[in-house]
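In: Give me coordinates for this.
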Amino acid sequence: MAARFCAGCGSDLPARAAETLAPLDQARRLCERSEPLRARAILEGALAEQPGDDRVRLVYATLLLQAADWENGLQNLEQLRVSAPWSPVVEAYIGGALLGLNRVSDAKDTLDAAIALAPDDFYLLLKRGEVYCRLGIYLTAIDALERASRIAVDEPVGREAVRRLLRFAREKNNGGFVRQMRAHTTGFTFKWPWRAAAQHGAVTRTNEVWGT
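Out: You can find the predicted model right below:
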């Protein structure tokens, strides 16, 4: 009798059954089992066979960023800039990667340009608020974060990040005492972009990528 396994979480997934799953599904199950290195290996193999798969490359890039591999994550995102239609998702991730590399000025330029094209994108506004906090330009950060706070998104982690950053920016702007902001970027704690990766077209909607 074949081994039984949970279709929802992939626990006790038989090796033969795992081989029949698409690489993104295999990677998702491995991440849910706290095996990100194996997930990355699966995606690396998939990209070696099909380097033009933008969906796989996007998810692979997010894994690299979550591991603080900013350089390689950024390199993969920049490939997506060339191979896929313009996307606020990719631009937001690039802004976060640049922040991780402490290239704050480059992150600012990237996010400013993206906001000009997608002024009401929740995640671009969140990252813009973060970068302007890093620059100490708190009024601009407050404006971006307040705009983000008024956008309805089903993303509690992102909304909590907006709330914390907005409180920080307001208190700093008012000269109040706040704990020092951590140097690393906060933008890669969102859950995996599985709904986006499941789409057959290019990723263009931010809420698909950060959706649960």
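In: make it CA atoms for all contacts and neighbour counts henceforth
Out: OK.
In: What pLDDT is listed against G175?
Out: Note on G175: pLDDT of 83.
In: Next, work out how far apart the spatially closest residue to R40 that is not a sequence neighbour and L24 are.
Out: Among residues not flanking R40 along the chain, Y60 sits closest, at 6.5 Å (C-alpha to C-alpha, 6 or more residues apart in numbering). Per C-alpha to C-alpha, to the nearest Å, Y60 is found 9 Å from L24.
In: contacting residues around Y123?
Out: Counting by C-alpha atoms under 8 Å, 6 or more residues apart in numbering, Y123 makes contact with V89, A92, A148, G158, T206.
In: Next secondary structure element downstream of the host helix or strand of it?
Out: Taking DSSP states H and E as the criterion, Y123 maps to helix 122-135. The first helix or strand that comes after helix 122-135 along the chain, using DSSP H and E, is helix 138-149.
In: That following helix packs against which elements?
Out: helix 122-135, helix 156-173 (3 or more C-alpha pairs under 8 Å, 6 or more residues apart in numbering; DSSP states H and E).
In: right, so the ones you listed: which one is the most enclosed?
Out: Most buried of the helices and strands packed on helix 138-149 by mean neighbour count (mean count of other C-alpha atoms under 10 Å) is helix 122-135; its value is a mean of 26.
In: how far off helix 156-173 does it point, in degrees?
Out: Here the directions of helix 122-135 and helix 156-173 differ by 30 degrees (axes from the mean of the first three to the mean of the last three C-alpha atoms, to 10 degrees).
In: Distance from the chain centre to helix 122-135, please.
Out: 13 Å (C-alpha atoms, centre = their mean, to the nearest Å).
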